[in-house]
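# I would like the atomic coordinates for the input below:
(one chain, ligands or ions: 2)
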Amino acid sequence: MIEIGIALSAERDTNRLMETILLEAKDLSNADGGTLYLRTEDNNLKFEIMRTDSLKIAMGGTTGKEITFPPVRLHDPTTGKENRTNVASCAALTGKSINIPDAYEAKNFDFSGTRRFDQGTGYRSKSFLTVPMKNSQDEVIGVLQLLNAIDRKTGEVIPFGDDIQPLIEALASQAAVALDNKQLLDAQKLLLDSFIELIASAIDAKSPYTGGHCQRVPELTKMLAKAACESKDVPFAEFDLTEEEWYELHIAAWLHDCGKVTTPEYVVDKATKLETIYDRVHEVRTRFEVVKRDAEIDYLKGILEGKEDPEKLRAKLDERLKKLDDDFAFIAQCNIGGEFMAPEKIERVKEIAKVQWKRTLDDRIGVSHEEKKRRERVPAPALPVVENLLSDRDDHIIYREGPEAAAEKDNEFGFKLEVPEHKFNLGEVYNLCIARGTLTSEERFKINDHIVQTIIMLGQLPFPKHLKRVPEYAGGHHEKMDGTGYPKKLNKDDMSIPARIMAIADIFEALTAADRPYKAPKKLSESIKIMSFMKKDAHIDPELFKLFLTSGVYKEYAERFLDPSQIDDIDINQYLK
Ligand SMILES: [Fe+2]
Ligand SMILES: [Fe+2]
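Residues are numbered from 1 along each chain as shown. Ligands and ions are numbered 1, 2, ... in the order given. As a prediction, this is how the structure comes out:
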């Protein structure tokens, strides 16, 4: 009995646990058959496991054979009356064991179903011992039913003896506690899983550009981890994951970008250089309009004064207006972040910025408290004031405030990051001169900061022992094998295999995703080619990349998650050398 108790409390799989309970009870009582029912939330008894040895019936549990019998109702669905005619239901309702020597002679119970079953099979159901399973709160959580006790000497079917009943009852109560604990654990785990998925979906929902990333990376991570487990080749021959380690990787993969909850949307989705929460190109365009209007006013004033030839004045005006139109078109074009901005273009932005316009209105009224504070860093000029068409002003700079782990030199986390001096710089010239893409170095730092936040957040969670490596697995996906990644500049040897797997999964998902609504997603061959360069540059683990290709994981993932139009022919041999 003690041994059974130990075995029950050690079992982590619910199906195996239920099976152990039933088989041990059958063994103890030498019964030919048995059924284990669990009480469901809607107050029915669901058939979980069934066994009848002499008929070779084994259903439910780990057999994979589903039990199709409808559940036993504890109450009549229309009248609500207790169902005491069914012996299992009666044991559950009363909380008492029922020992029946011969079902065919039992008066108070309806065994017509049993009789029908016997007629179909030629079996003779006789003795029944039905025991409720009560948890530590004395609630019935299931029923254990044994069928046909067999005399160990004669092989005859006999009633369940008075000596055996207390033993089965003791087993049932031990089993109930073990099952109850397991159900509680399962419920907690389900809650944790759902919570993790909720965070991942919230992050994915933040940006229409990266939607689905947090949900697809775990899939790809698991596919590649499985290939590594199955691989018999160096260096993965020894690599394997236990059930608990799989779960650890699952959690890590789902949470790998959890720090993104702290990334401002305007940075995540910054589509043009002047965009903050709104695209300031419209403000700049209005200034150009003002300058054009001023040019016309100058012309009309010139006509009124009558000193210069009107035709010359007109020609001068037309030339001026045309230049302003061209300049604005150029600035507007610069606002769209291209691949590379040549130095001459940067010079032209700076030249255009010097064009002057007159401001007569106070720019410190009607603004937010924060902006007002920033503007007050310098005294207000007297109005009207002549200002540059585009400027980098003091109030465009957002200072770092308070301690930031990532920005500290010898921080406790081991972050080694190049930290820009300011938190943000909204300067107009500064932003329009971004050499590549639409992000300033301050904004790029903020984007990269998501991994710093991921590591800090996960580091604060009280992970139990079997989940201790979640922060390591989740936090390494932007590191590179040669130590040039971030945030810790780890190299290959500093990283576990699962962490290196996650880095590949993260990159491949991002490459193949439709990351910008106006950009078609990359073809499979193109994505693999880019990754092969990353391998050459020692950014990703070459052996994992090889496994990614040879195992066919890249293809399997593509078939499951990519648009068919992305899947093109690819010769992986060229990348295996
Ligand atoms: Fe990330
Ligand atoms: Fe990611």
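# CA atoms only for stretch 163-172 - export them in CSV, please.
The C-alpha coordinates for stretch 163-172 follow below in CSV (Å, rounded to 0.1, in the frame of the first residue of the first chain):
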residue,chain,number,x,y,z
ASP,A,163,-11.4,-7.9,4.0
ILE,A,164,-10.6,-6.4,0.6
GLN,A,165,-13.1,-3.6,0.6
PRO,A,166,-11.2,-1.4,3.2
LEU,A,167,-8.0,-1.9,1.2
ILE,A,168,-9.7,-0.7,-2.0
GLU,A,169,-11.2,2.3,-0.1
ALA,A,170,-7.8,3.2,1.3
LEU,A,171,-6.3,3.0,-2.2
ALA,A,172,-9.2,5.1,-3.6
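# oh, and call the first residue 27 from now on, that's how I've got it
All set: I'll call the first residue 27, so the last point we hit is now stretch 189-198.
# Pull out the buried positions in it.
190-191, 194-195, 197-198 (16 or more other CB atoms under 10 Å). Glycine gets a C-beta too; all of them are placed from N, C-alpha and C.
# Please enumerate the helices of the stretch 177-326 of the chain.
With DSSP state H, counting those that start in this stretch as the criterion, the stretch 177-326 of the chain has helices at 190-232, 239-256, 269-280, 291-294, 307-331.
# er, the stretch 477-603 of the chain actually
Using DSSP H, counting those that start in this stretch, the helices of the stretch 477-603 of the chain run over 496-501, 523-538, 550-562, 568-576, 579-587.
# Reformat these into JSON lines and put mean pLDDT next to each item.
Formatted as JSON lines, these follow (pLDDT from 0 to 100):
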{"stretch": "helix 496-501", "mean pLDDT": "97"}
{"stretch": "helix 523-538", "mean pLDDT": "96"}
{"stretch": "helix 550-562", "mean pLDDT": "96"}
{"stretch": "helix 568-576", "mean pLDDT": "97"}
{"stretch": "helix 579-587", "mean pLDDT": "96"}
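# which residues sit in contact with the residue of the stretch 177-326 of the chain found nearest ligand 2?
The minimum distance from the stretch 177-326 of the chain to ligand 2, using CB to the ion, falls at Asp283 (4.2 Å). Contacts for Asp283 (CB atoms under 8 Å, 6 or more residues apart in numbering) come out as 226, 229, 239-240, 243, 476-477, 480.
# Out of those residues, who's the most crowded?
Most neighbours among the contacts of Asp283, by other CB atoms under 10 Å: Ile477, with 27 neighbours.
# So for that one, what pLDDT did the model give?
pLDDT, Ile477: 96.
# Tell me if I'm right that it and His503 touch.
Yes - if you go by CB atoms under 8 Å, Ile477 and His503 touch, sitting 7.3 Å apart.
# Under a three-state scheme, what state does the nearest residue to Pro290 once chain neighbours are set aside occupy?
Leaving aside its chain neighbours, Pro290 sits nearest to Lys472 (7.0 Å; criterion: CB to CB, 6 or more residues apart in numbering). Secondary structure state of Lys472, per DSSP: H, G, I helix; E, B strand; the rest coil, is helix.
# how near is the nearest residue to Ser162 once chain neighbours are set aside to Val157?
Sequence neighbours aside, Val203 is the residue nearest to Ser162 in space, at 5.7 Å (criterion: CB to CB, 6+ apart). Using CB to CB, to the nearest Å, Val203 is found at 14 Å from Val157.
# Ile533 too?
Distance from Ile533 to Val157, by CB to CB: 57 Å.
# same deal with Leu573?
The spacing between Leu573 and Val157, counted by CB to CB, is 52 Å.
# go on, Gly328?
108 Å.
# ok, those two, which is more surrounded?
Val157 (27 against 18).
# Pretty sure the more buried one sits against Ala118.
No - the pair Val157 and Ala118 does not pass the contact test of CB under 8 Å, sitting 10.3 Å apart.
# circling back to that earlier point, so the residue nearest to Ser162 makes contact with Asn161?
Yes - using CB under 8 Å, Val203 and Asn161 qualify as a contacting pair, with a distance of 6.1 Å.
# Please save the CA atoms from the longest strand anywhere in the chain in CSV.
In the chain, assigned by DSSP state E, the strand with the most residues is strand 166-176. Presented in CSV, the C-alpha positions along strand 166-176 are these (Å, rounded to 0.1, in the frame of the first residue of the first chain):
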residue,chain,number,x,y,z
VAL,A,166,-16.1,13.0,-4.5
ILE,A,167,-13.9,13.6,-7.5
GLY,A,168,-14.4,10.2,-9.1
VAL,A,169,-15.5,6.7,-8.8
LEU,A,170,-13.5,3.5,-8.9
GLN,A,171,-15.5,0.4,-9.9
LEU,A,172,-14.2,-3.2,-9.8
LEU,A,173,-15.9,-6.1,-11.6
ASN,A,174,-15.9,-9.8,-11.0
ALA,A,175,-13.5,-10.7,-8.2
ILE,A,176,-11.8,-14.0,-9.1
